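Engineer: here you go, sequence then predicted model.
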Amino acid sequence: MTTKLKFTPTSQSLFFVTLRRRVDAYFTQQACSPHANRAMWAKALFFLIGYALLYALLLSNQFGPLGSLGLAITLGVFAACIGFNVSHDALHGAFSSRPWVNRLLGNSFYLLGANPYVWKITHNVVHHTYTNIPGHDEDIEIAPGLVRLDPEEPLRPWHRYQHLYTIPLYSLASLSWVLRKDYVKFFKHQIGQHTPPAHPRSEYVNLFLGKALYYVFFLVIPLLVLDLAWWQVLLGFLIMHLAEGLVLGLVFQLAHVVEGTSFPIPDASGSVDDAWAIHQLRTTANFAPRSQLAAFICGGLNRQIEHHLFPKVCHIHYPAITAIVRQTAHEFDLPYLENPSFGSALFSHFRLLRTMGQQEQGLQVDAFLKNTVNV
């Protein structure tokens with residue numbers, strides 16, 4: 001598939017004009033910036049300082065193997081939370097009105113072992129434009145061939161069990177990022193069907209230097225400093241990333257791969273039968289939108305609808321604009337997909353994986369995905 005995609009500017013595009021006007025009016029009436037406020041800065045500092053303290057405690061040699069393992073797991077969770085709460089907003093330009101602040105905080109992505117430049121291409125450009133479109137949005141390609149999400153992909157015998165093995169696979173997401181994914185994406189000529197521009201020379205340096213420093217801080221220094229065997233250090237590194245990967249994988253998948261979300265197939269000319277904003281509503285779902293804990297941990301990614309429609313608005317404001325988005329969607333008779341809790345979203349994801357992997361339902365899956373509407 002090499003045809004460039006285009007969204008159909010139907011009369012429904014009036015939805016986004018109306019919505020954007022209402023959201024802009026909210027910030028004007030409240031006399032507040034759509035960027036970070038004090039609560040957002042406090043949360044960012046909490047995760048960044050917590051990450052630094054956990055790393056220092058780990059290297060202090062004051063804990064035995066089990067204590068060190070507990071610190072490593074917690075460090076992995078904090079790394080994921082930095083990705084959600086600091087890096088993500090900054091790389092979207094949503095944290096601050098000052099570009100240099102966003103660049104600085106966006107570099108916190110290196111703390112996850114990931115490359116911010118590659119992320120901005122794969123996520124900001126490709127995923128946010130071509131959300132859930134098979135062959136274009138590589139964020140939904142969990143493990144090509146092993147996990148079936150595209151209704152047009154052939155069913156294989158092992159897909160029958162994908163609802164059992166896919167969620168544990170998410171634990172490998174962070175390791176893949178650190179050891180493989182960024183290198184592969186950086187040197188690919190196409191990401192999905194998007195051809196990125198030639199990379200600046202400085203980004204080659206940033207990629208390899210950033211990775212090298214991460215390996216030094218999380219493998220070499222612990223091997224030199226800690227009173228642990230080499231295999232214990234490697235095991236701790238592995239388990240830290242399994243914890244980090246599971247948190248990252250679950251949060252991202254529960255926003256797009258649940259019952260009710262669609263996986264649109266463009267026509268022969270590359271047209272998607274929706275305006276861009278309508279496409280975002282059909283392919284994205286919120287989970288646990290009323291949970292303060294979910295909002296604190298997930299960095300607003302539990303309100304993915306608001307994020308996809310307004311990626312340059314800091315996530316600290318999503319609770320305030322959620323009612324505006326929901327009401328406007330209902331006025332235009334458009335879906336607004338929500339799972340009330342993390343658990344309900346997880347079970348919905350599980351059921352969708354099972355449906356996509358069952359041979360006897362294979363011919364019905366496409367209709368299921370296109371027709372299911374959960375308002």
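Structural biologist: Perfect, thanks for sending it. Numbers count the residues shown, from 1 in each chain.
Engineer: what about residue 327, neighbour count?
Structural biologist: 12 (other C-beta atoms under 10 Å). Yep, even glycine has a C-beta here, placed from its N, CA and C like the rest.
Engineer: then residue 122?
Structural biologist: 22.
Engineer: that one: what's it in contact with?
Structural biologist: 138-139, 185, 191 (C-beta atoms under 8 Å, 6 or more residues apart in numbering).
Engineer: show me the residues you listed that map onto helices.
Structural biologist: residue 185 (DSSP state H).
Engineer: please enumerate the strands of the protein.
Structural biologist: Assigned by DSSP state E, the strands in the chain fall at 6-7, 271-272, 285-287, 337-339.
Engineer: mind listing the strands the third one pairs with, and their directions?
Structural biologist: Yep, that's strand 285-287 we're talking about. Using DSSP bridges, the strands paired with strand 285-287 are strand 337-339 (parallel).
Engineer: can you list contacts of the partner strand?
Structural biologist: Strand 337-339 has contacts (C-beta under 8 Å, 6+ apart) with 254, 258, 260-261, 281, 284-289, 305, 345, 348, 374-375.
Engineer: can you name the farthest residue from the center of this structure?
Structural biologist: The C-alpha centroid of the chain is most remote from residue 227, which lies 36.3 Å away (C-alpha atoms, centre = their mean).
Engineer: from what I can see that residue touches residue 60, true?
Structural biologist: No: using C-beta atoms under 8 Å, residue 227 is not in contact with residue 60, being 10.9 Å away.
Engineer: drop anything exposed from the contacts of strand 337-339.
Structural biologist: With burial judged by 16 or more other C-beta atoms under 10 Å, the buried subset of the contacts of strand 337-339 is 254, 258, 260-261, 281, 284-289, 305, 345, 348.
Engineer: from these, pick the one nearest residue 91.
Structural biologist: For the buried ones among the contacts of strand 337-339, the residue nearest residue 91 by C-beta to C-beta is residue 284; the value is 18.5 Å.
Engineer: give me the distance between that closest one and residue 213.
Structural biologist: Remark: distance between residue 284 and residue 213 (C-beta to C-beta, to the nearest Å) = 35 Å.
Engineer: now swap in residue 182 and tell me
Structural biologist: Taking C-beta to C-beta, one finds residue 182 at 14 Å from residue 213.
Engineer: so for the two, which sits in the more crowded spot?
Structural biologist: residue 182 (22 against 13).
Engineer: list the contacts of that one.
Structural biologist: Neighbours of residue 182 in contact, by C-beta under 8 Å, 6+ apart: 114-115, 118, 207, 211.
Engineer: in helices, which of those residues appear?
Structural biologist: 118, 207, 211.
Engineer: the last one: what's it in contact with?
Structural biologist: With contact taken as C-beta under 8 Å, 6+ apart, residue 211 is in contact with 113, 115, 178, 182.
Engineer: from those residues, which is closest to residue 324?
Structural biologist: Comparing these against residue 324 with C-beta to C-beta places residue 115 closest, at 34.9 Å.
Engineer: neighbours of that closest one, how many?
Structural biologist: Applying other C-beta under 10 Å, we find 26 residues neighbouring residue 115.
Engineer: please apply the same query to residue 233.
Structural biologist: Residues lying near residue 233 (other C-beta under 10 Å) number 21.
Engineer: and residue 292, what pLDDT?
Structural biologist: pLDDT for residue 292: 91.
Engineer: wait, residue 358
Structural biologist: Confidence at residue 358, expressed as pLDDT, is 85.
Engineer: swap in the one 5 residues further on?
Structural biologist: Among the per-residue scores, residue 363 shows a pLDDT of 41.
Engineer: can you tell me which of the ones in helices among the contacts of residue 182 comes closest to residue 358?
Structural biologist: Residue 358 lies nearest to residue 118 out of these, by C-beta to C-beta, at 35.3 Å.
Engineer: residue contacts, the closest one?
Structural biologist: 182, 185-186, 207.
Engineer: is it possible to get JSON lines of the contacts of residue 211 that adds pLDDT?
Structural biologist: JSON lines is the format used below for the contacts of residue 211 (pLDDT from 0 to 100):
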{"residue": "113", "pLDDT": "93"}
{"residue": "115", "pLDDT": "96"}
{"residue": "178", "pLDDT": "95"}
{"residue": "182", "pLDDT": "94"}
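Engineer: pull out the buried residues from stretch 70-86.
Structural biologist: Quick answer for stretch 70-86 (16+ other C-beta under 10 Å): 71-86.
Engineer: that should have said stretch 143-156, apologies.
Structural biologist: The neighbour-count check on stretch 143-156 (16+ other C-beta under 10 Å) flags 147-151, 153, 155 as buried.
Engineer: perfect, that will be all.
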